[in-house]
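Chemist: what's the 3D shape of this:
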Amino acid sequence: MARLSSLHDAVAAEVRDGMTVALEGFTHLIPFAAAHEVIRQGRRELTLVRMTPDLISDQLIGAGCASALVFSWGGNPGVGSLHRLRDAVEHGWPHPIVLVEHAHAAMAAAWEAGAANLPFAVLRGYAGTDLPSVNDQIAAIRCPFTDEELAAVPAHRPDVGIVHAQRADRDGNVLLEGIIGVQKEVVLASARSIVTVEEVVDDLGPRSMNASVVPGWAIDHVVVAPRGAHPSYAHGYYPRDNAFYVAWDDISRDRTRFTAWIDEHVLGAVAA
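Modeler: So this is what the prediction gives:
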């Protein structure tokens with residue numbers, strides 16, 4: 001059952017060195033505040049799981065938190081490469097990183113399987129691609145009913161799942177609105193979960209058709225973190241900081257400039 005925690009306490013209680021940690025959110029509701037607290041607490045050797053690793057993954061990798069990345073597409077949306085990720089892959093700075101690359105559809109299927117407590121996901125995919133030759137987590141299987149060849153991938157079952165949402169009620173039920181990604185599946189698939197929210201309210205109130213409620217019984221920690229998704233956006237609360245995504249390209253290219261940014265804006269900040 002969800003309990004209201006501070007960001008510091010939630011991360012301290014749930015995130016340990018060597019764990020598999022998912023920080024999900026698609027286009028908006030990306031849990032940057034939580035990622036920054038992971039960096040502040042100096043976590044190391046994490047396996048990061050994310051469908052579309054972008055700036056949040058770049059920051060964690062550059063800060064030395066990660067040893068592996070399970071992912072599909074990765075980049076700075078609309079801008080270019082993730083330079084801290086590239087530096088880790090190409091030069092081992094600050095640490096070498098293992099890449100486990102999947103198709104986007106396979107990542108989504110793996111989340112669905114994890115949420116359903118199944119051992120693997122099945123999909124039509126990878127035919128004619130070379131990803132199976134570099135990823136031993138992709139297997140070919142035969143349908144027992146049609147004999148069709150299909151692809152199988154392990155279910156995602158992280159130690160900790162972290163997502164951001166608009167609001168929670170006093171019972172810990174969480175409302176997500178706007179573009180819905182795999183946040184509910186992340187919470188259900190993970191052994192432990194942290195959900196940061198813009199606010200806690202007495203009643204979740206009216207919701208749009210494109211909305212999802214994650215029940216409090218599936219969540220371990222609810223954390224109030226206003227603007228916790230910045231520089232991404234939170235539908236109904238604040239817009240995307242497009243200028244920051246552009247600026248990140250220069251900040252992240254240079255190790256010294258990146259380190260100075262982390263020192264000032266992450267390590268020098270205080271969690272809620």
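
Chemist: Got the domain ranges for the protein?
Modeler: The chain breaks down by automatic domain parsing into domains covering 3-98+156-267, 104-154.

Chemist: May I see the ones you listed arranged in TSV, with mean neighbour count and mean pLDDT as well?
Modeler: Using the backbone N, CA and C atoms, a C-beta is placed for each residue, glycine as well. Shown next, in TSV, are these (neighbours: other Cβ atoms under 10 Å; pLDDT from 0 to 100):
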stretch	mean neighbour count	mean pLDDT
domain 3-98+156-267	19	97
domain 104-154	15	95
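
Chemist: how about the helices in the stretch 151-272 of the chain?
Modeler: Along the stretch 151-272 of the chain, counting by DSSP state H, counting those that start in this stretch, helices occupy 183-189, 242-253, 255-262.

Chemist: quick one: which of those is nearest Gly42?
Modeler: helix 255-262 (11.9 Å; Cβ to Cβ).

Chemist: And for the closest one, what's in contact with it?
Modeler: 39, 59, 62-63, 83-84, 87, 93, 250-252 (Cβ atoms under 8 Å, 6 or more residues apart in numbering).

Chemist: which among the residues you listed gets closest to Arg192?
Modeler: When those are compared against Arg192 (criterion: Cβ to Cβ), the nearest one is Ile39, at 19.0 Å.

Chemist: what's near enough to touch the nearest residue to the closest one once chain neighbours are set aside?
Modeler: Nearest non-adjacent residue to Ile39, counting by Cβ to Cβ, 6 or more residues apart in numbering: Ala63, 4.5 Å away. Ala63 is in contact with 39, 94, 262, 266, counting by Cβ under 8 Å, 6+ apart.

Chemist: Distance of Ala63 relative to His8?
Modeler: As judged by Cβ to Cβ, to the nearest Å, Ala63 and His8 stand 17 Å apart.

Chemist: again, but for His102
Modeler: Distance of His102 to His8, computed by Cβ to Cβ: 33 Å.

Chemist: show me the contacts for the residue nearest the centre of the chain.
Modeler: Nearest to the mean C-alpha position of the chain, by Cα atoms, centre = their mean, lies Leu23 at 2.0 Å. Contact analysis of Leu23 by Cβ under 8 Å, 6+ apart lists 30-31, 34-35, 48, 50, 56-57, 60, 162-163.

Chemist: any idea how far Ala151 is from it?
Modeler: As judged by Cβ to Cβ, Leu23 and Ala151 stand 26 Å apart.

Chemist: Quickly note the distance from the residue lying closest to Pro119 once chain neighbours are set aside to Ser67.
Modeler: Ranked by Cβ to Cβ, 6+ apart and with sequence neighbours excluded, the top spatial neighbour of Pro119 is Ala155, at 5.9 Å. According to Cβ to Cβ, Ala155 and Ser67 sit 21 Å apart.
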